[in-house]
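Trainee: Got a sequence here, can you build the structure:
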Amino acid sequence: MPTTDVPAPGSAGTPRCLLVTKEFSTVPTSGGTLRTLALLETLATRYDTTVVSPEGVVAKGPGRPLEEHPGRASGGDALRQLRTTWRYKSLSGIRTGGSKLLDNLWNAAEGRYDVGIIDHTALAGLTDEVASGCDQVVVSMHNIESDLMNQRAQLATSAKSRLAMNAEVRLLRHLEAHVADHYPVVVCTEADSRALNAKRGGIVCKNGIFAGQVTPSGKRPANSMVFSGALDWEPNIDGIVWFSEKVWPLIRAQMPDATVTIAGRNPGKEVTAACAPEGITLLANPPVMAPVLDAHVMGIVPLLAGGGSRIKILEYLAAGIDIVSTDVGASGLEDIPSELVERLAIDPQLFADIVVARLRAPRDTSALAQDWVRKHYSWDVTLQPLLDFLAR
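Mentor: All right, here's what the predicted structure looks like:
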């Protein structure tokens, strides 16, 4: 990363921020991209903020609209990707950032920055490098990735996959321990803060929603469910397959007219196959998720592994629809009133029985859910602790 002691031009007198992330989009297609967009919107209220991702570079600042610049990354073959290992210090970093992110970082970052944000554990290996050009650096962890990978390793049925995952667990734990010992760290939940045991303390910034009023259309077919999320994210894939194979037959046996929509980006073969049974519809890459949620009476979260907290649950609350989730799926959101979300053990029969019971006797909690989530989980509330920390 080229650096000098002279700040690059920006808005006169406005501090500068460099946000390095593994994925960015102005039209979020996952909880991670939604959180990163919210982070930019929040930082840009105080800083001239430059966002560097493998896709390219964007910039935004106080009173300044978003400017998009195409990436100048050359990419590279598999050998070049492999050579980035010493910089990322994790397999996840190579896979999600790779040489494209490094090229864009080199081309876009200039001068010194008041603040640097490393957005995601997978990129934490770049922290020392980015810190050389910033007065202050914070690492923002969407999840405790080593814990999430460990959960997946325990569920893996292939010995080869389990071996690779366990190797990544060790790399991630070493990386997380290093950054937690040397830099301020942002986490999504109090539980993640305790688990990380950061020497400088964890800055807890919960996940959130953009707090606009949602007016239900009233066109919600009875006994209709939806699952939303990134369909290329392994915990979502595993949860969908489990629901399709283990839970769905039990629901249809009790309620033959029940339907479920699986909506999200980039579904692969496993998700497509899981959506083959009658009554399950796959909606790939919807441009906007809100109308999809509004067309159903219940949101389901049948996850078997996870960390941080599920933004999809907050979106279900904002849509005013009922929610049934596994305990794992609702982790990190223990403060949500029990009448707004059903939390269950990972048990197919129990999950099916509760889904059917709540579809047959729906509770009128739509207004309560929307009011509660806007008050407690709008992004301007949940990301405020980071702004407070940076203002010290």
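Trainee: helices and strands around the helix or strand of the chain with the lowest mean pLDDT, which ones?
Mentor: Counting by mean pLDDT, DSSP states H and E, the weakest-scoring helix or strand in the chain turns out to be helix 78-82, with a mean of 72. Packing partners of helix 78-82 (3 or more C-beta pairs under 8 Å, 6 or more residues apart in numbering; DSSP states H and E): helix 98-108. Every C-beta, even on glycine, is put in place using the N, C-alpha and C of the backbone.
Trainee: ok so, going back, CA atoms only for the least confident helix or strand of the chain, dumped as PDB, please.
Mentor: Taking C-alpha atoms only, helix 78-82 is exported to PDB below (Å, rounded to 0.1, in the frame of the first residue of the first chain):
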ATOM      1  CA  ALA A  78      -3.900 -19.800  -9.300                       C
ATOM      2  CA  LEU A  79      -0.100 -19.500  -8.600                       C
ATOM      3  CA  ARG A  80      -0.400 -15.800  -8.100                       C
ATOM      4  CA  GLN A  81      -3.400 -16.300  -5.900                       C
ATOM      5  CA  LEU A  82      -1.400 -18.800  -3.800                       C
END
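Trainee: And for it, what's in contact with it?
Mentor: Helix 78-82 has contacts (C-beta atoms under 8 Å, 6 or more residues apart in numbering) with 94, 98-99.
Trainee: Including pLDDT, could the residues you listed go into JSON lines?
Mentor: As requested, those are exported to JSON lines (pLDDT from 0 to 100):
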{"residue": "I94", "pLDDT": "87"}
{"residue": "G98", "pLDDT": "89"}
{"residue": "S99", "pLDDT": "90"}
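Trainee: residue boundaries of the strands in the protein?
Mentor: Per DSSP state E, the chain carries strands over the ranges 16-21, 48-53, 56-61, 64-70, 113-119, 134-140, 185-187, 202-204, 224-228, 259-264, 280-284, 298-301, 322-326, 342-344.
Trainee: for the second one, which positions count as buried?
Mentor: Same thing as strand 48-53. 48-53 (16 or more other C-beta atoms under 10 Å).
Trainee: Give the other helices and strands that the longest helix along the chain contacts.
Mentor: The longest helix of the chain (DSSP state H) is helix 159-182. The elements that helix 159-182 packs onto, with contact taken as 3+ C-beta pairs under 8 Å, 6+ apart, are helix 91-96, helix 127-131, helix 145-155.
Trainee: Give the buried residues for it.
Mentor: Buried, per 16+ other C-beta under 10 Å, within helix 159-182: 165, 168-169, 171-173, 175-176, 178-180, 182.
Trainee: Tell me which residues touch V51, please.
Mentor: Here V51 is in contact with 19-21, 24, 36, 40, 57-60 (criterion: C-beta under 8 Å, 6+ apart).
Trainee: again, only using 6 Å
Mentor: Listed by C-beta atoms under 6 Å, 6 or more residues apart in numbering, the contact partners of V51 are 19, 24, 40, 58.
Trainee: likewise R152?
Mentor: Applying C-beta under 6 Å, 6+ apart, we find R152 in contact with 165, 305.
Trainee: again, only using 10 Å
Mentor: R152 makes contact with 161-162, 165, 168-169, 234-235, 238, 304-306, according to C-beta atoms under 10 Å, 6 or more residues apart in numbering.
Trainee: Reformat the residues you listed into CSV and put distance to H69 and pLDDT next to each item.
Mentor: Listed next are those as CSV, based on distance: C-beta to C-beta, whole Å; pLDDT from 0 to 100:
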residue, distance to H69, pLDDT
S161, 38, 87
R162, 41, 89
M165, 36, 87
E168, 32, 85
V169, 36, 88
E234, 31, 87
P235, 33, 89
D238, 37, 93
L304, 40, 93
A305, 37, 85
G306, 34, 74
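Trainee: shouldn't F389 be in contact with I117?
Mentor: No. Counting by C-beta atoms under 10 Å, F389 sits too far from I117 to count as a contact (11.5 Å).
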